[in-house]
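Peer 1: can you look at this prediction? I've put the sequence above it.
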Amino acid sequence: MHAPPAVPFVRSPLPWLGHGIAFGKDADALLQRLRARHGDAFTLLLGGKRMTFLLNPHDAPAFFKQSKTLVAGPISKEISGKAFGIDWSQYAVDVHEVQVPFDKSMRKSVIGPMTLHMQEKAAARLQALGRHQWQSGELFRFVAKLVFDAGGEAMLGDGLFDDPALFEEFLHFDKQFPLLVSGLPRQIFFRRAERFLQKLSLQLQSPRPGQAPVMDTRFDTLKDVTSVREIGRNNAGLFWATQANTVVMAFYAVFFILRDAQARRQILAELDAVAGSVQQPTLALEQLDQLEKLDACLDEVLRLKTSPMPIRVATQPVTLPLYSGRECLLNTGDIVCLFPRLTHMDPTIYPQPELFIWDRFLQRQGPNQFSYRGEPLKYNLLPFGGGQSICPGRHFARSEFKILTALLLRQFDIELLDTAIPPHDKSRSGLGALTPLQDVPFRFRLREPATHAWQGSHPLVSTLEG
């Protein structure tokens, strides 16, 4: 009886770098091209690391099931060390013991007060900005700054976000992040980013007034296992993790809903039905859970504009049987990963995948709602990763998206001045949200008390007529 074929190693003419340059420029195109030649599973050399990619979504359950032999901790330690200067040799416990209490304190059942606190802060900021005359601006910066301040303060406490330079320095640091995780020395190549990191670390070394209970838990965990310096560095990493993808996806959520007249009407009608009077634009926690149409829109936005890459390291030799009939043979220290964006953009799973179809996920959320090659998929949508490394802030982030969308649509007349979808930064593939490369002009004004939701057939029609 013949043994199943092994996963092929795809050679590159470049020593050490391997396919690293091509992956950094356009990972989607590279993996699609190699998939057509070598099948759904293959191994590449990327910057000195051999990495096995499993591209068939039916292989995801086996990947996540091996939670003891395929672990995320070593990758988390490496990335946090390169990007934030966290020195894990200075900790009395492993990264897992630091992360677990934080993950538990970010469960949906316990973040209600932080969610409502974020809503209060966002509503107050919008009211301060509101005028009944048209104002113009750039949508990404407007939305991102609002979420950055309101969500950041609700979690990390008061005072930190009073610094007007913080947002600009964060954007600069985030832009450098793909290069930071490559391991280039921050003190030489990223001096501005390192200065920001040092300043932020000093500010996050000790608890802040008004911080959320999740931060109380985090300080209680860290103070017993590491130094004050490391507490600051670790919390600086948390600061980036809680903001980087959230501010980008908040922008996309608002943008795609504004440019789709039907989605906007449906969501406004749902908000009116669930929340009642426009004069009371804020939402109770139970009302957030009732917004099924908005939830469906968010899933579609996350499908279009996220690119996670769950990565695991083998702690011992392991064999993964694959859907194709091949076997993935891994030795201790080998790296294996998924690349869900190819699933998210697969036309056999999602017809016309490049389009925003607002109700694509309506009443089709959860496992086994979509199929691939004739079989239901357990993991068809993985915007927040999965398994042991799934984003712990996913519930808070979704609430932020809902709150922001509800506040903007119900309190403001708001219109795009350009409906073209901005291109995204392809170097962010595998790192989460796909940051737009250019901003989108828009205008807004506080809605008059007697008026109702925008009723135009297209955002530009209202703009041109105004």
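Peer 2: Right, received. Where do you want to start?

Peer 1: and the helices in the stretch 101-250 of the chain?
Peer 2: For the stretch 101-250 of the chain, the helices defined by DSSP state H, counting those that start in this stretch occupy 112-129, 139-156, 165-180, 186-189, 191-203, 213-222, 228-258.

Peer 1: what's the separation between Arg37 and Ser307?
Peer 2: Per Cβ to Cβ, to the nearest Å, Arg37 is found 22 Å from Ser307. Where you see a C-beta, it was placed from the backbone N, CA and C, and this is true even at glycine.

Peer 1: could you do Pro340 as well?
Peer 2: According to Cβ to Cβ, Pro340 and Ser307 sit 8 Å apart.

Peer 1: same check, this time on Leu45
Peer 2: Leu45 is 21 Å from Ser307, by Cβ to Cβ.

Peer 1: could you pull out the helices for the stretch 301-450 of the chain?
Peer 2: Using DSSP H, counting those that start in this stretch, helices in the stretch 301-450 of the chain cover 341-344, 394-411.

Peer 1: let me know which of those helices is the nearest to Ser80.
Peer 2: helix 394-411 (19.1 Å; Cβ to Cβ).

Peer 1: check which helices and strands the closest one is in contact with.
Peer 2: helix 112-129, helix 139-156, helix 228-258, helix 261-275, helix 285-289, helix 292-305 (3 or more Cβ pairs under 8 Å, 6 or more residues apart in numbering; DSSP states H and E).

Peer 1: quote the end-to-end distance of stretch 329-340.
Peer 2: Terminal residues of stretch 329-340 lie 21 Å apart, using Cα to Cα, to the nearest Å.

Peer 1: same question but for stretch 437-446, I mixed them up
Peer 2: Length of stretch 437-446, first residue to last, Cα to Cα: 28 Å.

Peer 1: check stretch 90-97 too.
Peer 2: 14 Å.

Peer 1: what sits up against that stretch?
Peer 2: When contacts are defined by Cβ atoms under 8 Å, 6 or more residues apart in numbering, stretch 90-97 is touched by residues Gly73, Ser76, Lys77, Ser80, Trp88, Val98, Thr221, Asp224, Val225, Thr226, Ser227, Glu230.

Peer 1: for the first one, give me its contacts.
Peer 2: For Gly73, the residues meeting the contact criterion (Cβ under 8 Å, 6+ apart) are Asp94, Val95, His96, Val313.

Peer 1: which of these fall in strands?
Peer 2: Of the positions in the contacts of Gly73, Val313 sit in strands, assigned by DSSP state E.

Peer 1: any idea which of the contacts of Gly73 is closest to Phe84?
Peer 2: Taking the contacts of Gly73 together and measuring to Phe84 by Cβ to Cβ, the closest member is Val95, at 12.6 Å.

Peer 1: count of neighbours near the closest one?
Peer 2: Residues within reach of Val95, counting by other Cβ atoms under 10 Å, total 19.

Peer 1: ok, now how distant is it from Ile75?
Peer 2: According to Cβ to Cβ, Val95 and Ile75 sit 10 Å apart.

Peer 1: who touches stretch 361-376?
Peer 2: 56-58, 292-293, 295-296, 299-300, 303, 343, 346, 348-350, 377-381.

Peer 1: type out the PyMOL command that picks the buried ones from those.
Peer 2: Only the buried members of these enter the following PyMOL selection, criterion being 16 or more other Cβ atoms under 10 Å:
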select buried, resi 56+57+58+293+295+296+299+300+303+343+346+349+350+377+379+380+381
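
Peer 1: relative to Gln187, which of the helices and strands packed on helix 394-411 is closest?
Peer 2: Smallest distance to Gln187 across the helices and strands packed on helix 394-411 (Cβ to Cβ): 14.3 Å, for helix 228-258.

Peer 1: how far does that closest one sit from its chain's centre?
Peer 2: 8 Å (Cα atoms, centre = their mean, to the nearest Å).

Peer 1: can you pull the phi/psi pair for Leu70?
Peer 2: Main-chain dihedrals, Leu70, degrees, to the nearest 10: phi -120, psi 110.

Peer 1: hey, what's it bridged with?
Peer 2: In this structure, Leu70 bridges to Ala314 when assessed by DSSP bridges.

Peer 1: wait, it sits on Val313?
Peer 2: Yes. The pair Leu70 / Val313 is scored as a contact, 7.1 Å apart, by Cβ atoms under 8 Å.

Peer 1: more crowded one of those two?
Peer 2: Using other Cβ under 10 Å as the criterion, Leu70 and Val313 rank with Leu70 on top: 26 against 19.

Peer 1: state the distance from the more buried one to Asn331.
Peer 2: Leu70 sits at a distance of 12 Å from Asn331 (criterion: Cβ to Cβ).

Peer 1: ok, residues contacting stretch 130-142?
Peer 2: Under the contact criterion Cβ under 8 Å, 6+ apart, stretch 130-142 has outside partners 129, 251, 254-255, 411-412, 416-417, 436, 439-446, 448, 466.

Peer 1: now go through the residues you listed and say which are in strands.
Peer 2: Residues of the contacts of stretch 130-142 located in strands (DSSP E): Phe412, Leu416, Pro441, Phe442, Arg443, Phe444, Arg445, Leu446.

Peer 1: what about Thr52, which helix or strand?
Peer 2: strand 49-54 (DSSP states H and E).

Peer 1: please put the alpha-carbon coordinates of the helix or strand just after that strand into PDB.
Peer 2: Using DSSP H and E, the helix or strand that follows strand 49-54 in sequence is helix 60-65. C-alpha atoms of helix 60-65 as PDB (Å, rounded to 0.1, in the frame of the first residue of the first chain):
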ATOM      1  CA  ALA A  60      -8.700  24.200   9.400                       C
ATOM      2  CA  PRO A  61     -10.500  21.900  11.900                       C
ATOM      3  CA  ALA A  62      -7.500  19.500  12.100                       C
ATOM      4  CA  PHE A  63      -5.200  22.500  12.500                       C
ATOM      5  CA  PHE A  64      -7.100  24.000  15.400                       C
ATOM      6  CA  LYS A  65      -7.700  20.600  17.000                       C
END
